[in-house]
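Trainee: take a look and give me a structure for this.
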Amino acid sequence: MNAFVRNECEKELLTIIKEVILSLDIEVDIESEAFKEGGLKEIWKFLGKNGVQLTLIITVFGLVLSRVPVENKELVKLQIANLELDNELKRQELKKIKNEIRSDEELTDDIVERVLEILDKDYKIIWHKSNFYKKLNFYPKVTKLTTQRLNEQNKPVEKERTVERENFGKFILRSDTFPPNIDEEAVIDIISPVLKKGNFSWKGFYKGEIINFEMNDQSFKNSVLNKEIEFINGTAIKCVLQQNRKIDEVGLVKVIQNKVLTVIEIITGENYVPTEQGKKYKGDKERKNDQLKLDF
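Mentor: Here you go, the predicted structure:
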């Protein structure tokens, strides 16, 4: 097997294992043993203080890697609205499940399935698993992938789990885009406005960071070009900000584009001036919310 392909695939596998270990909050060391004959067989030894928890990690990892997704989802369909909150809820639930098992007998299929349901929504695991199978899919010499749990004497304790080459594509994501983040009450301190026609980026200060953004509110742009709005030191806007995101090569979500969709208010010191389009946006939103109310 091509050494570079093998090394890249192993890196993705270790990243998936690392994410599983971090999610379950279990202290584990992993050692790589000498290669075995019969295809390219590699054995990893998991070392830790709690044997039941190690069994959980190994079992879950094997299933994560080999269970063919029911649907090849794009990341945009995962609908993760708040990653930090989602991850915190995930950690709390996994900790609760982990504390339920104290012996091998208590490590039931139901518990394993509950863990998998949570990890199946982990975008980092999904992303790196996609990368792993993408690399294998482009390398025709690999015909299948097999995983199996062994005991301390390297003897099988369960049946092999096999993913045939024809199923590699089912693990691969079709897109690296991520659900955009919409902040309907974003406040941006204007650093550098655009005062002439053209698709030029504005510059502002948002949540402690300097950002470049597109001004997509045409009414506001026209007001600026017509010199109806004066920018002084400290001028800010309250607006609807859309942040388009994607996942980079290491699995981190990054903002790749900022767009101001609607300017709600112009802020100068203590003076707040609502825009006409801002009033319309709020009115449309209130009417939409009223339509969703049901009175009995």
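Trainee: now stretch 172-192: buried residues?
Mentor: Going by neighbour count (16 or more other CB atoms under 10 Å), the buried part of stretch 172-192 is 172-173, 176, 178-179, 181, 186-188, 190. Placement of C-beta: from N, CA and C, glycine included.
Trainee: among those residues, name the ones in strands.
Mentor: Mapping the buried residues of stretch 172-192 onto strands (DSSP state E) picks out 178-179, 181, 186-188, 190.
Trainee: ok, the most centrally placed residue in the chain to residue 167 distance?
Mentor: Residue closest to the average C-alpha location in the chain (CA atoms, centre = their mean): residue 123, at 3.8 Å. Distance of residue 123 to residue 167, given as CB to CB, to the nearest Å: 21 Å.
Trainee: before we move on, what about residue 146?
Mentor: 13 Å.
Trainee: pLDDT on the biggest helix by length in the chain, on average?
Mentor: Taking DSSP state H as the criterion, the chain has its longest helix at helix 3-24. Per-residue pLDDT over helix 3-24 has a mean of 92.
Trainee: list the neighbouring strands of the helix or strand following it plus their orientation.
Mentor: Downstream of helix 3-24, the first helix or strand assigned by DSSP states H and E is strand 29-32. The strands beside strand 29-32 in its sheet (DSSP bridges) come out as strand 44-47 (antiparallel).
Trainee: CA atoms only: put the partner strand into CSV for me.
Mentor: In CSV, the C-alpha atoms belonging to strand 44-47 read as follows (Å, rounded to 0.1, in the frame of the first residue of the first chain):
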residue,chain,number,x,y,z
TRP,A,44,-3.8,-1.2,18.5
LYS,A,45,-3.7,-1.9,22.2
PHE,A,46,-5.9,0.3,24.4
LEU,A,47,-4.5,0.8,27.9
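Trainee: what about it, distance to the chain center?
Mentor: 28 Å (CA atoms, centre = their mean, to the nearest Å).
Trainee: ok, now which ones touch residue 40?
Mentor: Residue 40 sits next to 1, 6 when contact means CB atoms under 8 Å, 6 or more residues apart in numbering.
Trainee: try it again at 6 Å.
Mentor: Contacts here follow CB atoms under 6 Å, 6 or more residues apart in numbering; on that basis residue 40 touches residue 1.
Trainee: what comes up buried for stretch 233-246?
Mentor: 235-243, 245.
Trainee: for it, what is the distance to the chain centroid?
Mentor: Worked out by CA atoms, centre = their mean, stretch 233-246 lies 22 Å from the chain centre.
Trainee: if anything else comes up later, I'll come back, but that's it for now.
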